[in-house]
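Participant: Take this sequence and fold it.
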Amino acid sequence: MKKELSAIEAKFEAQKIAFGPMYFQAMVAMRDLGVLDFISRNRNGVSLQKIIESLTLSEYAITLMIEAAEVLGVVEIDEDKIRISKTGFFFLKDEMTRVNTNFMNDVCYQGASAMRTSFEQGRPAGLKALGNWPTIYEGLSELPEPAKKSWFEFDHYYSDNAFPEALKIVFKKKHRSLYDIGGNTGKWSFACCNYDPDVSITIHDLPVQIAVARQNAANLNLLDRVSFYEIDLLDSEQKIRSGADAIWMSQFLDCFSKDQILSILLNAYQAASDETTLYILEPFFDNQNFPAAKYSLIATSLYFTIMANGNSKMYRLEDMKALVEKAGFEVIETYPLIGDSYHTILECKKKR
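Facilitator: Coordinates of the predicted model:
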């Protein structure tokens with residue numbers, strides 16, 4: 001049973017919410033200015049004076065960063081010696097934390113103040129901080145730096161680590177033709193080509209993403225095996241063509257509302273034969289081993305609200321299964337938390 005907080009403890013937790021943005025930016029600055037790294041390299045502890053003498057920052061700036069870091073538990077101070085804590089080590093060195101921090105800072109932070117408007121109007125009201133597009137997906141190839149780099153690092157981090165095990169699952173069957181729906185830059189398609197020399201891939205996506213994927217395929221000499229189909233899957237008049245042995249959707253459906261997901265799955269249904277296998281890979285927030293994963297995924301839903309399209313989110317596993325069933329498919333196999341990733345694969349077929 002969860003321990004009930006005292007009034008004093010609860011009030012402190014409330015202050016963490018109130019001042020959270022300030023502490024976040026202070027820690028990003030402390031990381032980017034090299035202060036945290038300097039403390040980390042002095043594992044036995046280092047004095048404030050030594051830090052000031054060693055870095056080209058004012059005593060004022062360094063003192064404020066260290067005070068904020070101590071409050072957050074990022075550093076520990078004992079007998080005037082400052083040491084990095086375990087939390088500080090993960091903030092500085094952990095790849096997931098680095099990717100998440102950069103994504104929040106470079107992609108989401110400026111637009112976050114528009115959260116209320118996004119909730120009220122169902123649109124990504126914060127996206128204007130990066131560019132003038134209806135959703136972020138039309139603008140991915142044109143995002144300003146460092147937002148572009150951080151967006152793709154975030155997207156690839158939460159998909160690439162699933163690929164090795166996902167390839168084994170998908171190619172248990174000898175698929176000759178695979179549709180990569182929402183193929184983005186083509187990383188999954190190219191991984192398939194490397195894994196199975198006989199498979200051919202058709203990437204389905206918006207024109208701006210197709211242009212990037214086509215160039216990437218050309219650079220890898222894969223244009224003989226990877227083809228491209230420009231499609232806006234939010235337009236129900238545009239249909240996925242029939243003919244695929246497998247239809248693959250990797251971290252794609254979470255980019256849409258439930259109604260839109262159902263429409264996309266119905267589109268896949270009309271394109272699928274009785275033999276076609278539909279694979280859906282998603283990081284379902286209620287199907288995680290660690291609280292940090294759930295925490296991060298629900299925060300990602302807020303990104304969808306303010307920056308992406310205003311109406312999508314990370315979903316619960318059973319919610320996605322219900323949409324699959326409603327579209328006419330049945331889930332014939334569930335592969336939870338494949339490999340070292342945060343993902344589950346749903347293997348689906350048309351209902352008999």
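
Participant: looking at the protein, which helix or strand is least sure?
Facilitator: Of all the helices and strands that make up the chain, helix 147-160 has the lowest average by mean pLDDT, DSSP states H and E, namely a mean of 89.

Participant: Show the average pLDDT along the helix or strand encompassing Q49.
Facilitator: Under the assignment given by DSSP states H and E, the secondary-structure element containing Q49 is helix 48-54. In this model, helix 48-54 has a mean pLDDT of 96.

Participant: For it, name the packing helices and strands.
Facilitator: Helices and strands in packing contact with helix 48-54 are listed as helix 35-41, helix 59-72; criterion 3 or more Cβ pairs under 8 Å, 6 or more residues apart in numbering; DSSP states H and E. For glycine as for every other residue, the C-beta is placed from the backbone atoms N, C-alpha and C.

Participant: Pipe these into JSON lines and attach distance to F90, mean pLDDT and mean neighbour count per row.
Facilitator: Formatted as JSON lines, the helices and strands packed on helix 48-54 follow (distance: least, Cβ to Cβ, whole Å; pLDDT from 0 to 100; neighbours: other Cβ atoms under 10 Å):
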{"stretch": "helix 35-41", "distance to F90": "11", "mean pLDDT": "97", "mean neighbour count": "19"}
{"stretch": "helix 59-72", "distance to F90": "12", "mean pLDDT": "97", "mean neighbour count": "17"}
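
Participant: which one of those helices lies closest to M22?
Facilitator: Comparing the helices and strands packed on helix 48-54 against M22 with Cβ to Cβ, the closest turns out to be helix 59-72 (7.9 Å).

Participant: Distance from the closest one to the middle of the chain?
Facilitator: The gap between the average C-alpha position of helix 59-72 and the chain average comes to 30 Å, counting by Cα atoms, centre = their mean, to the nearest Å.

Participant: How about residues contacting that helix?
Facilitator: Counting by Cβ atoms under 8 Å, 6 or more residues apart in numbering, helix 59-72 makes contact with 22-23, 26-27, 29-30, 33, 35-36, 48, 51-52, 55, 75-77, 82, 87-88, all of which sit outside it.

Participant: what's the neighbour count on D198?
Facilitator: Applying other Cβ atoms under 10 Å, we find 9 other residues in the vicinity of D198.

Participant: so who does the closest residue in space to P283 that isn't next to it in sequence touch?
Facilitator: The shortest distance from P283 to any residue that is not its chain neighbour, by Cβ to Cβ, 6 or more residues apart in numbering, is 4.2 Å, and that residue is Y342. If you count contacts by Cβ under 8 Å, 6+ apart, Y342 has them with 158, 162, 283, 288, 293, 297.

Participant: for the stretch 201-350 of the chain, which spans come out with low pLDDT?
Facilitator: Applying pLDDT under 70 to the stretch 201-350 of the chain flags no residue at all.

Participant: which residues of it fall in strands?
Facilitator: 226-230, 246-250, 277-282, 329-335, 344-350 (DSSP state E, counting those that start in this stretch).

Participant: circling back to that earlier point, list the buried residues for the helix holding Q49?
Facilitator: Residues 51-52 are the ones in helix 48-54 that count as buried (16 or more other Cβ atoms under 10 Å).

Participant: Dump it to PDB, keeping only the CA atoms.
Facilitator: Included here for helix 48-54 are C-alpha records, laid out as PDB according to Å, rounded to 0.1, in the frame of the first residue of the first chain:
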ATOM      1  CA  LEU A  48      33.500  25.100  -5.200                       C
ATOM      2  CA  GLN A  49      36.600  27.200  -5.500                       C
ATOM      3  CA  LYS A  50      38.300  24.600  -7.700                       C
ATOM      4  CA  ILE A  51      35.300  24.500 -10.000                       C
ATOM      5  CA  ILE A  52      35.300  28.300 -10.300                       C
ATOM      6  CA  GLU A  53      39.000  28.400 -11.000                       C
ATOM      7  CA  SER A  54      38.800  25.600 -13.700                       C
END
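
Participant: Distance of the closest residue to S47 other than its chain neighbours relative to C192?
Facilitator: For S47, the nearest residue in space outside its immediate sequence neighbours is D80; the separation is 5.8 Å by Cβ to Cβ, 6+ apart. For D80, the distance to C192 (Cβ to Cβ, to the nearest Å) stands at 57 Å.

Participant: Also N289?
Facilitator: 27 Å.

Participant: can you give me the angle the least confident helix or strand of the chain makes with strand 277-282?
Facilitator: Counting by axes from the mean of the first three to the mean of the last three Cα atoms, to 10 degrees, helix 147-160 lies at 120 degrees to strand 277-282.

Participant: Same list (the strands of the stretch 201-350 of the chain) but as TSV, adding distance to I261 and mean neighbour count.
Facilitator: Formatted as TSV, those follow (distance: least, Cβ to Cβ, whole Å; neighbours: other Cβ atoms under 10 Å):
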stretch	distance to I261	mean neighbour count
strand 226-230	20	18
strand 246-250	10	25
strand 277-282	10	24
strand 329-335	12	15
strand 344-350	12	21
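
Participant: could I get these as TSV with distance to A69?
Facilitator: Conversion of the strands of the stretch 201-350 of the chain to TSV gives the following (distance: least, Cβ to Cβ, whole Å):
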stretch	distance to A69
strand 226-230	47
strand 246-250	37
strand 277-282	35
strand 329-335	41
strand 344-350	36
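
Participant: for these, which one sits closest to A14?
Facilitator: Shortest separation from A14 across those is recorded for strand 277-282, at 33.0 Å, computed as Cβ to Cβ.

Participant: what's next to the closest one, contact-wise?
Facilitator: Residues outside strand 277-282 that contact it (Cβ under 8 Å, 6+ apart): 159, 162, 166, 169-170, 173, 175, 245-251, 253-254, 268, 272, 314-315, 320, 324, 329, 343-349.
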